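Colleague: any chance you can model this:
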Amino acid sequence: MRPVLYDLWGVPISAFGVFLLLAFFAAISVARRSARQRLGADPNWVLDLSLYAIIAGIVGGRIGYILVNIGQFSKTPVSVLTIWRDGGLVFYGAVAAALLLVRASARRKQVSFGALVDAFAAPMVLGFGIAMIGALLHGLLVGKATGVPWAVEMFLDRRHPTQLYLLAASVATLIVLRAQRDRRLADGTLFSLALLMLSVGRFVVDFFVEAPQVAGFVTAGQLASGAVAVVTLLTLLVLSRGTPPEEEPAAEASG
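Modeller: Numbers count the residues shown, from 1 in each chain. This next block holds a predicted model:
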């Protein structure tokens, strides 16, 4: 655990901030290539869209974090702006805000919204996985105390490396997405599948996160993840009905 990587002329450089920037850079690089291959989109337009989506995502993620921790911010309102200290972003809030912006851009460009978000599916998962390394160093999503051999030292105790669990979920999601690349799928399927797998992964991992339970035995993160999983699963069911049929191999002419 190393929340501050180093001081730059007296300014602390946050570990989470550094890895968040790396996540953005990697996601944008992959998104430009993916959108060009899938849509023939201008890489410069994708770059601009990605940057605006990132800004929208940060704002949406921060708003989500503030709403979840409204009591904390009501005591110190100025801390709403000090995101570099607490690393407070809610992933689903970031995704929702970014999707609204991408949808508006798709309408202006008259391109398929589903196809466009599919181009951002793998970049989103890649960025999420990289950000989890920063979350581990910063001390976010702290795991429960445990004696498992792979536990990490954090806050004077050995704990579940929940951030690495989520990183593993990201890798698994990328593998599944890659396996779908040659299949004919309805627009929006890849993004929905990616979000479904990440939400299920977060729901499971939250059992090992040290967080207050808000309803029975589940956390606020699990409630949000469960809701997202249900919505994305229903979306996939609807999309599957419109999936174009697989092309049948041409029958050989009989002699």
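
Colleague: helix, strand or coil for residue 7?
Modeller: Secondary structure, DSSP: H, G, I helix; E, B strand; the rest coil: residue 7 is strand.

Colleague: give the helix, strand or coil label for the residue lying closest to it once chain neighbours are set aside.
Modeller: Excluding the flanking residues, the one nearest residue 7 by CB to CB, 6 or more residues apart in numbering is residue 13, at 7.0 Å. Backbone N, C-alpha and C define where each C-beta goes, glycine included. Put simply, residue 13 is strand when judged by three-state DSSP.

Colleague: bridged to residue 13, which residues?
Modeller: Beta-bridge partners for residue 13, by DSSP bridges, are residue 6.

Colleague: OK, contacts around it?
Modeller: By CB atoms under 8 Å, 6 or more residues apart in numbering, residue 13 lies in contact with 4, 5, 6, 7.

Colleague: same deal with residue 166?
Modeller: 128, 129, 132, 135, 141, 201, 202, 205.

Colleague: how near is the residue nearest to the spatial centre of the chain to residue 166?
Modeller: Centroid-nearest residue in the chain, with CA atoms, centre = their mean: residue 128, separated by 4.4 Å. The gap separating residue 128 from residue 166 is 8 Å, by CB to CB, to the nearest Å.

Colleague: circling back: which of the contacts of residue 166 sits closest to residue 17?
Modeller: In terms of CB to CB, no member of the contacts of residue 166 lies closer to residue 17 than residue 135, at 11.3 Å.

Colleague: can you show me the strands along the stretch 1-150 of the chain?
Modeller: 4-8, 11-14 (DSSP state E, counting those that start in this stretch).

Colleague: just name the most buried of those strands.
Modeller: strand 11-14 (a mean of 14; mean count of other CB atoms under 10 Å).

Colleague: tell me the helix or strand right after the host helix or strand of residue 170.
Modeller: Assigned by DSSP states H and E, residue 170 belongs to helix 162-179. Next along the chain after helix 162-179, taking DSSP H and E as the criterion, comes helix 189-205.

Colleague: and residue 141, what's its pLDDT?
Modeller: Among the per-residue scores, residue 141 holds a pLDDT of 88.

Colleague: from residue 134, how far out is the residue nearest to the residue nearest to the centre of the chain when sequence neighbours are not counted?
Modeller: Nearest non-adjacent residue to residue 128, counting by CB to CB, 6+ apart: residue 170, 5.4 Å away. Between residue 170 and residue 134 the computed distance is 13 Å (CB to CB).

Colleague: quick revisit: rebuild the contacts of residue 13 as CSV, extending it with distance to residue 117.
Modeller: Shown next, in CSV, are the contacts of residue 13 (distance: CB to CB, whole Å):
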residue, distance to residue 117
4, 35
5, 33
6, 37
7, 39
